[in-house]
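> Sequence first, predicted coordinates after that:
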Amino acid sequence: MGTIQVLDDHTINQIAAGEVIERPASVVKELVENSLDAGAKNIRIRVEEGGTSLIIVQDDGCGMDREDASLAFKKHSTSKIRSFDDLSAVNTSGFRGEALPSIASVSRLRITTAEKGSKVGTRITIEGNEGLKVEDHAAPQGTTIEVADLFFNTPARSKHLKRVSTELKHIVKAVTIEAIRRPDVGFNLVHGERKLIDAPSSDLKTRIGVLLGRDAAKELIEIEGEGNGLKVHGYLTRPAVSRKTMLSIYLHINGRPVQARNICYSIRGAYGSLLHEGHFPIGALFLEIPAQDVDVNVHPAKTIVRIAQEERVNQELRRILKDILAEQALISHVNLDDTRTDSIFGTP
């Protein structure tokens with residue numbers, strides 16, 4: 001018998017979970033993204049002990065029938081794409097088909113789901129490497145997923161979790177990211193008996209105020225512009241309100257929340273000396289770039305993208321922001337193309 005063997009599905013899922021599910025906040029992120037892709041208009045999240053003992057995500061989306069609900073636990077099963085070519089124009093949050101099987105492999109999971117108008121819903125229970133227990137269950141339209149005892153069967157992962165307050169902070173951040181991305185959807189986050197986020201559906205400016213604070217809301221500048229293949233819209237604060245971190249700039253590329261240090265520094269560069277050294281404005285920006293110029297399939301977390309001609313995008317973004325800041329009379333508007341610097345020895 002050879003030494004090379006095909007890994008069993010449970011082992012494969014646990015390996016994938018090491019990349020996709022880093023901590024309770026990763027579970028919340030993946031489940032909320034599934035809810036958004038299902039067309040939910042209201043998403044309720046409840047966590048206990050920082051998400052380590054229990055995470056419940058409930059939505060009023062389209063729900064699933066019995067067959068789809070069972071198939072969702074098979075690795076790389078997805079309704080989002082049909083071939084690799086679809087990645088160039090994918091507009092859903094998820095597409096890899098890894099989240100549910102990965103979560104189920106390191107927790108005790110139960111999903112209850114029903115489609116609109118269905119007489120009966122479906123409930124599926126799975127614990128670690130055990131098989132699916134599928135049964136009929138009365139349920140309203142939508143999906144509820146309960147994740148209990150995260151990492152119960154991977155003690156090395158469980159041991160490296162941080163304090164409850166730290167894990168909870170990451171969960172709040174994850175929900176805030178999704179709530180800013182979709183202000184048209186209502187979000188509710190509860191930890192134990194404590195309500196942490198209560199954000200009814202609204203417009204983007206109102207949502208930023210609810211989640212990022214009244215001080216930021218009072219100083220928001222509307223950002224709207226396009227040019228050279230880039231469209232941008234959103235809100236950023238005036239220099240009076242800033243933070244010594246780029247984490248309060250919520251960036252989106254083609255509707256997807258992303259981490260992009262270079263773009264954050266381009267934003268800071270547009271403000272120039274208006275900001276204190278090392279400070280960044282607060283707000284949310286949505287960049288639209290031709291889909292063929294963006295690679296979203298870089299990392300399982302889907303928060304890192306590659307942009308073709310990234311420097312061109314950064315230059316155009318700086319130009320748009322500088323023009324808007326000039327209109328707000330925050331910086332002088334200088335057309336560098338119409339200026340020249342004379343030599344100290346006279347004009348050449």
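Okay, I see it. Residues are numbered from 1 along each chain as shown.

> what about the chain, any weak spots by pLDDT?
The chain contains residues with pLDDT under 70 at 1-20, 75-97, 129, 297-302, 331-348.

> can you give me phi and psi for Lys231?
phi -120, psi 140 (degrees, to the nearest 10).

> If it is in a bridge, with which residues?
Taking DSSP bridges as the rule, Lys231 bridges to Glu226, Glu288.

> Next one: the residue nearest to the spatial centre of the chain relative to Lys159, how far apart?
Of all residues in the chain, the one closest to the mean position by C-alpha atoms, centre = their mean is Pro257, 4.5 Å from it. Using C-beta to C-beta, to the nearest Å, Pro257 is found at 29 Å from Lys159. Using the backbone N, CA and C atoms, a C-beta is placed for each residue, glycine as well.

> Equivalent analysis for Glu167, please.
Glu167 is 13 Å from Lys159, by C-beta to C-beta.

> Are we agreed that Leu109 is in a helix?
No. Applying DSSP: H, G, I helix; E, B strand; the rest coil, one finds Leu109 to be strand, outside a helix.

> so it makes contact with Ile145?
Yes. In this structure, Leu109 is within contact of Ile145 by C-beta atoms under 8 Å, at 6.9 Å.

> thinking again about what came up before, please report how far the residue nearest to the centre of the chain lies from Gln141.
Taking C-beta to C-beta, one finds Pro257 at 27 Å from Gln141.

> same question, Leu251
33 Å.

> Between these two, point out the one with more neighbours.
Taking other C-beta atoms under 10 Å, Leu251 and Gln141 do not tie; Leu251 has more neighbours (22 against 16).

> which secondary structure element contains the more buried one?
strand 249-253 (DSSP states H and E).

> Quick check: next helix or strand after that strand?
Next along from strand 249-253, by DSSP H and E: strand 256-258.

> what are the pairing partners of that next one, and which direction each?
strand 249-253 (antiparallel).

> Excluding chain neighbours, what is closest to Leu212?
Using C-beta to C-beta, 6 or more residues apart in numbering and skipping residues adjacent in sequence, the residue nearest Leu212 is Ile282, 5.8 Å away.

> how many neighbours does the one you found have?
25.

> Now do stretch 269-288: distance to the chain's middle.
Centre-to-centre, stretch 269-288 and its host chain are 20 Å apart (C-alpha atoms, centre = their mean, to the nearest Å).

> Only the buried residues of that stretch, if you could.
270-271, 274-275, 279-288 (16 or more other C-beta atoms under 10 Å).

> check contacts around Glu115.
Cys62, Gly63, Met64, Asp65, Gly121, Gln141 (C-beta atoms under 8 Å, 6 or more residues apart in numbering).

> Most neighbours among those residues, please name it.
Gly63 (26 neighbours).

> my guess is it contacts Gln141, does it?
Yes. Contact criterion C-beta under 8 Å: Gly63 and Gln141 qualify, at 5.3 Å.

> what's the overlap in contacts for the two?
In contact with both Gly63 and Gln141: Ala114, Glu115, Lys116, Ser118, using C-beta under 8 Å, 6+ apart.

> okay, those residues in JSON lines with distance to Arg306 and secondary structure next?
Listed next are these as JSON lines, based on distance: C-beta to C-beta, whole Å; DSSP: H, G, I helix; E, B strand; the rest coil:
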{"residue": "Ala114", "distance to Arg306": "39", "secondary structure": "strand"}
{"residue": "Glu115", "distance to Arg306": "37", "secondary structure": "coil"}
{"residue": "Lys116", "distance to Arg306": "38", "secondary structure": "coil"}
{"residue": "Ser118", "distance to Arg306": "41", "secondary structure": "coil"}
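
> what's the closest of the residues you listed to Gly50?
Ala114 (29.9 Å; C-beta to C-beta).

> what sits against the residue nearest to that closest one when sequence neighbours are not counted?
Distance criterion C-beta to C-beta, 6+ apart; nearest residue to Ala114, sequence neighbours excluded, is Gly121 at 3.1 Å. Residues in contact with Gly121, defined by C-beta under 8 Å, 6+ apart, are Gly63, Thr112, Thr113, Ala114, Glu115, Asp136, His137, Ala138, Ala139.

> And Gly121, how far from Glu115?
Gly121 is 8 Å from Glu115, by C-beta to C-beta.

> Look at the spatially closest residue to Pro257 that is not a sequence neighbour and tell me its secondary structure.
Of all residues not flanking Pro257 in the chain, Ile177 sits nearest, at 4.9 Å (C-beta to C-beta, 6+ apart). Per three-state DSSP, the local secondary structure of Ile177 is helix.

> Using JSON lines, lay out the buried residues of stretch 269-288 together with distance to Gln315 and secondary structure.
Listed next are the buried residues of stretch 269-288 as JSON lines, based on distance: C-beta to C-beta, whole Å; three-state DSSP:
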{"residue": "Ala270", "distance to Gln315": "11", "secondary structure": "helix"}
{"residue": "Tyr271", "distance to Gln315": "16", "secondary structure": "helix"}
{"residue": "Leu274", "distance to Gln315": "19", "secondary structure": "helix"}
{"residue": "Leu275", "distance to Gln315": "19", "secondary structure": "coil"}
{"residue": "His279", "distance to Gln315": "22", "secondary structure": "coil"}
{"residue": "Phe280", "distance to Gln315": "19", "secondary structure": "strand"}
{"residue": "Pro281", "distance to Gln315": "19", "secondary structure": "strand"}
{"residue": "Ile282", "distance to Gln315": "23", "secondary structure": "coil"}
{"residue": "Gly283", "distance to Gln315": "20", "secondary structure": "strand"}
{"residue": "Ala284", "distance to Gln315": "21", "secondary structure": "strand"}
{"residue": "Leu285", "distance to Gln315": "16", "secondary structure": "strand"}
{"residue": "Phe286", "distance to Gln315": "19", "secondary structure": "strand"}
{"residue": "Leu287", "distance to Gln315": "13", "secondary structure": "strand"}
{"residue": "Glu288", "distance to Gln315": "16", "secondary structure": "strand"}
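
> All set, thanks.
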